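Enquirer: Dropping a prediction and its sequence here:
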Amino acid sequence: MSTELKKKDFKKITTLALLAMKQRGEKISMLTAYDYSMARILDEAGIDVLLVGDSASNVMAGHETTLPITLDQMIYHAQSVVKAIERCLVVVDLPFGSYQGNSREALSSAIRIMKESGAHCVKLEGGEEILESVKRIISSGIPVMGHLGLTPQSIYQFGTYTVRAKEKEEADALLRNAKILEEAGCFAIVLEKIPAALATKVAKEVSIPIIGIGAGSGVDGQVLVVHDMLGITKDFSPRFLRRYLDLYAEIKKATESYISDVKSNDFPNENEQY
Ligand code: KIV
């Protein structure tokens, strides 16, 4: 499909559009993006939501966890993504340390993201414990996406990246937190790495869209880290990940060909010079 057709035929995606998609049973597609060039391709392909995830800390900066990335760095990534898009909704993660202190700090971080990047919404990890911040941000007019289940900013508290909420107590708490976030006015919630049956139950019991990552097919949409989906990362293979390309191998092969062409003086040839 040509870009012209896409631009003409599709309206911009809003939080209300996502709600309407849930109501009519249309699944929501979401991927992460951190830079202009990739965001442009993903938006043109018709993705519904781009998440400027704090997973940038892992895949862009090479950190082991999402904890080190700063608010300034998230704003930089968000600015690049926003410049590229025409249609999709752009959600930006509030990074670790930018909202846990108190709700005033949370609001000022969210306002910086909105003002300085031009993004449409923010995402925060957690439930009841960050409720005051969620409410304060929403009351300022900024749409908030929640994130429950495996919340990577708490990795040192969890101790492992294994599936969350397998036991009844944690599952009940997760369902309760999803309802609390809905009640607070969140427009959607990400559920990460929890049993499919629990995610399906949450999606049925709340009216806002539930986007899963490692949460099965009974939810309202799916999100993946784009570097994982395209096979740019190679040492991360959780069961929930479907790789659509092996870009790591493709890029390596192309680079080897380039090196060989340069060394052998094959590149540039007569047609590739002035
Ligand atoms: O930062 C991120 O990429 C995320 C997704 C895993 C949902 O929060």
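Expert: It's in.
Enquirer: residues in the protein within reach of the ligand, list them.
Expert: 32, 51, 53-55, 93, 190, 192, 213, 223, 225 (CB under 6 Å from any ligand atom). Heads up, the C-betas are built off the backbone N, CA and C, glycines and all.
Enquirer: ok and the residue in this protein nearest the ligand?
Expert: Residue nearest to the ligand within the chain: residue 53 (2.4 Å; CB to the nearest ligand atom).
Enquirer: Verify the stated contact: that residue with residue 32.
Expert: Yes: proximity of residue 53 to residue 32 meets the contact threshold set by CB atoms under 8 Å, at 4.2 Å.
Enquirer: Now do the shared contacts for the two.
Expert: residue 225 (CB atoms under 8 Å, 6 or more residues apart in numbering).
Enquirer: quick one, what contacts the residue nearest the centre of the chain?
Expert: By CA atoms, centre = their mean, the mean C-alpha position of the chain lies nearest to residue 51, the distance being 3.3 Å. The contact partners of residue 51, by CB under 8 Å, 6+ apart, come to 30-33, 91-93, 123, 223.
Enquirer: Which of those residues fall within strands?
Expert: 30-32, 91-93, 123, 223 (DSSP state E).
Enquirer: Tabulate those residues (JSON lines), appending pLDDT and neighbour count.
Expert: Below are these laid out as JSON lines (pLDDT from 0 to 100; neighbours: other CB atoms under 10 Å):
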{"residue": "30", "pLDDT": "99", "neighbour count": "26"}
{"residue": "31", "pLDDT": "99", "neighbour count": "24"}
{"residue": "32", "pLDDT": "99", "neighbour count": "29"}
{"residue": "91", "pLDDT": "99", "neighbour count": "28"}
{"residue": "92", "pLDDT": "99", "neighbour count": "28"}
{"residue": "93", "pLDDT": "98", "neighbour count": "29"}
{"residue": "123", "pLDDT": "98", "neighbour count": "21"}
{"residue": "223", "pLDDT": "99", "neighbour count": "25"}
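Enquirer: Rebuild these as CSV, extending it with distance to residue 257.
Expert: Converted to CSV, the ones in strands among the contacts of residue 51 look like this (distance: CB to CB, whole Å):
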residue, distance to residue 257
30, 34
31, 28
32, 29
91, 38
92, 37
93, 37
123, 40
223, 34
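Enquirer: from the residues you listed, which is closest to residue 269?
Expert: Using CB to CB, residue 31 is the member of these that lies nearest residue 269, at 37.6 Å.
Enquirer: can you map out the strands along the stretch 51-200 of the chain?
Expert: Counting by DSSP state E, counting those that start in this stretch, the stretch 51-200 of the chain has strands at residues 89-93, 121-123, 144-149, 188-192.
Enquirer: mind checking how far the second one is from the chain centre?
Expert: Centre-to-centre, strand 121-123 and its host chain are 10 Å apart (CA atoms, centre = their mean, to the nearest Å).
Enquirer: same thing with stretch 113-127?
Expert: 11 Å.
Enquirer: And residue 44, how close does it get to residue 30?
Expert: 16 Å (CB to CB, to the nearest Å).
Enquirer: Same question for residue 54.
Expert: 15 Å.
Enquirer: ok so, going back, what about the residue of the chain closest to the ligand, how many residues nearby?
Expert: 30 (other CB atoms under 10 Å).
Enquirer: ok, now residue 242?
Expert: 8.
Enquirer: and the residue of the chain closest to the ligand, what is it in contact with?
Expert: Taking CB under 8 Å, 6+ apart, one finds 32, 34, 93, 225 in contact with residue 53.
Enquirer: Give me the distance between the two termini of stretch 31-42.
Expert: 8 Å (CA to CA, to the nearest Å).
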